[in-house]
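Engineer: Structural data only, the sequence is not supplied:
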């Protein structure tokens, strides 16, 4: 038979085992990734070079506006369509500019907080919210310098409503007359 000490030791081990199993219930196993708006399966399969011609055209029209068309095609477009294309293009440029400024602000805040750890002035400057942007300032940094890919821009445009929600599933059949 087991002695009293051995029984208490076994009982303590059993309680520790139950406690460790209880803690495992609260650990995050990454299940939330299945419920995200843009799950990794869609994001990873999205490639700018694999867009069909109509998707490419829609994206370029939001990114470049009327410059997508030839001058004679622009003359043939209805005035209302020109206005809508210009309106969407301007909004897209404003959103990209604000996004670039936010990314730059985050990088500068991280740099200042790491470089000047003990300076109160740098800590104050680094605590300015990164989403504060200036509408009259144009950020001239390129996507490459900021680490932004065209796939990121497509997802950003989709989230802002500049591209349709079903943009990734659009076929050439949906194309209407230009």
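Structural biologist: Done, it's in. Since the structure is predicted, the reported quantities are computational estimates derived from the model, not experimental observations.

Engineer: Hmm, residue 130 is touching residue 112, no?
Structural biologist: No. Residue 130 lies out of contact with residue 112 (C-beta atoms under 8 Å); the separation is 11.8 Å. Using the backbone N, CA and C atoms, a C-beta is placed for each residue, glycine as well.

Engineer: residues touching the nearest residue to residue 127 once chain neighbours are set aside, list them.
Structural biologist: Leaving aside its sequence neighbours, residue 127 sits nearest to residue 109 (C-beta to C-beta, 6 or more residues apart in numbering; 7.8 Å). Residues near residue 109 by C-beta atoms under 8 Å, 6 or more residues apart in numbering: 125-128, 130.

Engineer: hmm, back to that, ok, residue 130 and residue 112, which is more surrounded?
Structural biologist: Taking neighbours as other C-beta atoms under 10 Å, residue 130 and residue 112 compare with residue 112 leading, 19 against 16.

Engineer: host element of the more buried one?
Structural biologist: Counting by DSSP states H and E, the element that carries residue 112 is helix 79-115.

Engineer: buried ones in that helix?
Structural biologist: Residues 85, 88-89, 92, 95-105, 109, 112 are the ones in helix 79-115 that count as buried (16 or more other C-beta atoms under 10 Å).

Engineer: roughly how far out does it sit from the chain middle?
Structural biologist: The chain centre lies 13 Å from the centre of helix 79-115; the measure is C-alpha atoms, centre = their mean, to the nearest Å.

Engineer: any idea which helix or strand comes after that helix?
Structural biologist: Using DSSP H and E, the helix or strand that follows helix 79-115 in sequence is helix 120-126.

Engineer: Which secondary structure elements does that following helix sit against?
Structural biologist: The contact analysis (3 or more C-beta pairs under 8 Å, 6 or more residues apart in numbering; DSSP states H and E) places helix 120-126 against helix 79-115.

Engineer: The helix it packs on - what's its average pLDDT?
Structural biologist: When pLDDT is averaged along helix 79-115, the result is 91.

Engineer: Also stretch 10-22?
Structural biologist: The average pLDDT for stretch 10-22 rounds to 78.

Engineer: hmm, back to that, ok, so what distance separates the residue nearest to residue 127 from residue 139?
Structural biologist: The gap separating residue 109 from residue 139 is 16 Å, by C-beta to C-beta, to the nearest Å.

Engineer: show me where the protein has helices.
Structural biologist: Taking DSSP state H, the helices of the chain run over residues 4-24, 40-45, 53-64, 71-76, 79-115, 120-126, 143-146, 150-160.

Engineer: before we move on, back to that, pipe the contacts of residue 109 into JSON lines and attach distance to residue 80 and pLDDT per row.
Structural biologist: Output for the contacts of residue 109, formatted as JSON lines (distance: C-beta to C-beta, whole Å; pLDDT from 0 to 100):
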{"residue": "125", "distance to residue 80": "47", "pLDDT": "73"}
{"residue": "126", "distance to residue 80": "47", "pLDDT": "70"}
{"residue": "127", "distance to residue 80": "47", "pLDDT": "74"}
{"residue": "128", "distance to residue 80": "42", "pLDDT": "75"}
{"residue": "130", "distance to residue 80": "38", "pLDDT": "81"}
